[in-house]
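# heads up, no residue letters with this:
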């Protein structure tokens, strides 16, 4: 099998005290950038595909892009469904050769989330496919939010233990204060590391952190210089990522930082060369920028040299 399973890659990461990046891919250039970074860093990598990306690219196209990327990189590569919210999302990817699926039932009542997740685990494991699931709601949280409000949206450690025992999932995405997109926090990043530590003690599987892009200042400044409007964008600091890894996080999802790097590079080319219409000369610098970001993440996560 050309793709590694999520369980294989994350079990090694958990034992080795590092994390593996899951980078969302939507087209050839993004996949080439991620695969090239993984090859140069000798890092295992997770190619994440959202249902919307699959719809945009076409499931056969995105599978082949991922297959070629894995073959050329020569490192352990997982083809992963990111945030599948339906049974059909997961089964479609299992049938088309994905080695890992995430079922996101985080908006469901606990018992229904357990029931649906357990059924997907049963089907996926029979096909040799790993399953990630999620408990809690991702949302950036400021320091003044009350304990009661945090408890209402963050992952409950005792529920996490129960969930893992009853579903048999291979990895669990938890909510400790991160969020998707470029606008994670209105003030200083506040992540609930005490909660993360409790969860890690209670579940015996790799922990996943979604919404963990750093939104680097230099990329924002470059994008803004060439016309982007991203006021108030902020991400998760590197020191917070390092601490999360030390507390058991073995998979970290990155999408926004890749998009920002691509956008900044494209804007620069079009601003400095308004006569340009060759897509190779527009997307080439974008691919290089995305690759540089991915390499930096692999170094930050400690996955470089682990393939």
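Received it, and whenever you're ready, just let me know what you need. In this text, all values refer to a predicted model and were calculated from it rather than measured experimentally.
# State the distance from residue 91 to residue 134.
To residue 134, residue 91 is 18 Å away according to C-beta to C-beta, to the nearest Å. Heads up, the C-betas are built off the backbone N, CA and C, glycines and all.
# what about those two, which has more around it?
residue 134 (25 against 16; other C-beta atoms under 10 Å).
# Okay, and that one sits in which element?
Per DSSP states H and E: residue 134 is located in strand 130-135.
# Tell me the gap between that strand and the middle of its chain.
12 Å (C-alpha atoms, centre = their mean, to the nearest Å).
# And for stretch 260-277?
26 Å.
# Okay, the closest residue to residue 256 other than its chain neighbours and residue 258: tell me how far apart.
Of all residues not flanking residue 256 in the chain, residue 213 sits nearest, at 3.8 Å (C-beta to C-beta, 6 or more residues apart in numbering). Distance, residue 213 to residue 258, using C-beta to C-beta: 8 Å.
# try residue 169
Remark: distance between residue 169 and residue 258 (C-beta to C-beta) = 26 Å.
# and those two? which has more neighbours close in?
Shown here are residue 169 and residue 258; by other C-beta under 10 Å, residue 169 has more neighbours (29 against 25).
# so where's the stretch 1-150 of the chain uncertain?
The model of the stretch 1-150 of the chain has pLDDT under 70 over residues 137-150.
# which residue ranges form the strands in it?
20-24, 45-49, 77-84, 100-103, 130-135 (DSSP state E, counting those that start in this stretch).
# Ok, which of those comes nearest residue 158?
Minimum separation from residue 158 across the strands of the stretch 1-150 of the chain (C-beta to C-beta) falls at strand 130-135, 10.8 Å.
# Against which helices or strands is the closest one packed?
Packing partners of strand 130-135 (3 or more C-beta pairs under 8 Å, 6 or more residues apart in numbering; DSSP states H and E): helix 6-16, strand 100-103, helix 110-126, helix 157-167, strand 171-174.
# Please produce CSV containing these, extended by distance to residue 81 and mean neighbour count.
As requested, the helices and strands packed on strand 130-135 are arranged in CSV below (distance: least, C-beta to C-beta, whole Å; neighbours: other C-beta atoms under 10 Å):
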stretch, distance to residue 81, mean neighbour count
helix 6-16, 10, 21
strand 100-103, 4, 29
helix 110-126, 10, 17
helix 157-167, 16, 18
strand 171-174, 13, 26
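# The residue located most distally from the centre of the chain and residue 269: what is the separation?
What lies farthest from the middle of the chain is residue 275; by C-alpha atoms, centre = their mean that is 36.2 Å. Distance, residue 275 to residue 269, by C-beta to C-beta: 11 Å.
# Residue 219 too?
To residue 269, residue 219 is 15 Å away according to C-beta to C-beta.
# pLDDT at residue 294, what is it?
At residue 294, the model reports a pLDDT of 97.
# Please, which helix or strand holds the residue farthest from the centre of the chain?
Assessed by DSSP H and E, residue 275 sits outside every helix and strand.
# doesn't residue 191 fall inside a helix?
No - remark: residue 191 does not belong to a helix; assigned using DSSP: H, G, I helix; E, B strand; the rest coil, it is coil.
# and it, how many neighbours?
For residue 191, the number of neighbouring residues by other C-beta under 10 Å comes to 22.
# Could you do residue 224 as well?
Neighbours around residue 224, by other C-beta under 10 Å: 15.
# Surely residue 301 is in contact with residue 20?
Yes - if you go by C-beta atoms under 8 Å, residue 301 and residue 20 touch, sitting 6.7 Å apart.
# Neighbour count for residue 219 and residue 269, which is higher?
Ranked by neighbour count (other C-beta under 10 Å), residue 219 and residue 269 place residue 219 first, with 24 against 18.
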